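Peer 1: Quick one, what's the 3D model for this:
(one chain, ligands or ions: 1)
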Amino acid sequence: MPSVAANNFSRNTHHHQAKGDFFSRKQKIEQQGKNVPIAAVERRLVEEVRNNDTLIIVGETGSGKTTQIPHYLFKGGFCCDGGIIGITQPRRVAAITVAKHVAEECGVSLGQKVGYAIGFEDVTSGQTKIKYMTDGLLLREALLDPYLSKYSVIIVDEAHERTIHTDVLLGLLKNVQKARSKSINGVVNTERNNNLNNGHALEERIDNQNDGILKPCQAKKYSPLKLIIMCQFGCTSFLRVLWWCKSCSCSGMTVSCRYILHTQA
Ligand SMILES: Nc1ncnc2c1ncn2[C@@H]1O[C@H](COP(=O)(O)OP(=O)(O)OP(=O)(O)O)[C@@H](O)[C@H]1O
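Peer 2: Numbering: from 1, shown residues only. Alright, predicted model coming up:
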């Protein structure tokens, strides 16, 4: 029969081994987050979001768009005014697994700084700043809160999949963005828009024809909504119809991520 001392020794060894495993896994995950190609353009990316209300990000699969960009924006101060960063996924399982992975990478419990919401399952709290969800869920939220007022940034991921929810969401978000912008300025800032779009007024004309779905709120002022659409290479033509875009490449990357920039919807 093993002695008490031997039992204690074995328990301590197990405890230290588990602790060691935990820290080496944590280190590995943190390292993984730093090694993705998109990490090379973190500062540039945050700057682009700061300067543009709508950004279309095109990058290869695995370059780190889904897991890293929300965190970069959080660090860049996009939640400072109390707003949160919402990221939509076409599939429930993706929303859950990515949220778990990002929470682990940030070293927080799921449901605190990083959470997810799908169907009737809501793993978020008052502290949640990065929220992964299905695109259908965000559409449902828009029925209750048409201005999506709790979001400072909304990221539509996997837009190239063109699910009905994603397509409807893109149209809706464009309207929300415009209404929120009007609630502050009275008008959409077309001067900046047109300058950065090389003077193209086409989009503004199309918008005026479709105006009236969501009227700008007279009584309340909303902060501008930053909108980021993420998709894979070669799938942006439908977005160019919805938004008049100019494009620019980001140099110095090991795996290319192209940014197609747009100013304001
Ligand atoms: N749930 C997860 N579990 C473990 N590792 C993950 C998970 N999600 C992402 N990763 C890791 O993070 C890296 C970046 O993935 P991420 O999903 O951010 O890339 P992406 O550019 O958004 O790709 P995609 O366009 O396919 O969504 C991956 O290479 C993978 O190693």
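Peer 1: I'd like to know which helix or strand in the chain has the lowest mean pLDDT.
Peer 2: Ranked by mean pLDDT, DSSP states H and E, the helix or strand of the chain with the weakest confidence is helix 190-196, at a mean of 41.
Peer 1: For the helix or strand hosting Gln177, name the packing helices and strands.
Peer 2: Using DSSP states H and E, Gln177 maps to helix 164-185. For helix 164-185, the packing partners by 3 or more C-beta pairs under 8 Å, 6 or more residues apart in numbering; DSSP states H and E come out as helix 135-144, strand 151-156, strand 226-231, helix 237-242. Backbone N, C-alpha and C define where each C-beta goes, glycine included.
Peer 1: what pLDDT, on average, does the first one get?
Peer 2: Read that as helix 135-144. Averaged across helix 135-144, the pLDDT comes to 95.
Peer 1: which parts of it are buried?
Peer 2: Neighbour-count burial for helix 135-144, counted by 16 or more other C-beta atoms under 10 Å, picks out 135-139, 141-142.
Peer 1: Closest one of those to the ligand?
Peer 2: Asp135 (14.1 Å; C-beta to the nearest ligand atom).
Peer 1: Just to check, the closest one is in contact with Ala159?
Peer 2: No: using C-beta atoms under 8 Å, Asp135 is not in contact with Ala159, being 9.4 Å away.
Peer 1: which stretches of this protein have low pLDDT?
Peer 2: In the predicted model of the chain, residues 1-11, 13-16, 18-20, 22, 186-219, 234-265 satisfy pLDDT under 70.
Peer 1: Residues of it that sit close to the ligand?
Peer 2: 32, 36, 59, 61-68, 97-98, 101 (C-beta under 6 Å from any ligand atom).
Peer 1: Is the residue lying closest to Glu42 once chain neighbours are set aside in a helix, a strand, or coil?
Peer 2: Distance criterion C-beta to C-beta, 6 or more residues apart in numbering; nearest residue to Glu42, sequence neighbours excluded, is Tyr72 at 5.1 Å. Classification of Tyr72 using DSSP: H, G, I helix; E, B strand; the rest coil returns helix.
Peer 1: Give the full set of residues in contact with Tyr72.
Peer 2: 42, 45-46 (C-beta atoms under 8 Å, 6 or more residues apart in numbering).
Peer 1: among these, who's most crowded?
Peer 2: Using other C-beta atoms under 10 Å as the neighbour criterion, Leu45 leads the contacts of Tyr72 with 24 neighbours.
Peer 1: So what are the sheet partners of the helix or strand containing Ile85 and their directions?
Peer 2: Using DSSP H and E, the element containing Ile85 is strand 84-89. Applying DSSP bridges to the sheet, strand 84-89 is found paired with strand 130-134 (parallel), strand 151-156 (parallel).
Peer 1: so how far is Thr124 from the closest residue to Tyr147 other than its chain neighbours?
Peer 2: Nearest residue to Tyr147, sequence neighbours excluded (C-beta to C-beta, 6+ apart): Tyr222, at 5.4 Å. Per C-beta to C-beta, to the nearest Å, Tyr222 is found 21 Å from Thr124.
Peer 1: Let's see which of the residues of the chain next to the ligand end up in strands.
Peer 2: Gly59 (DSSP state E).
Peer 1: Whichever residue of the stretch 101-250 of the chain sits closest to the ligand - how many residues pack around it?
Peer 2: Across the stretch 101-250 of the chain, the shortest distance to the ligand (C-beta to the nearest ligand atom) belongs to His101, at 3.7 Å. Number of residues near His101 (other C-beta under 10 Å) recorded here: 18.
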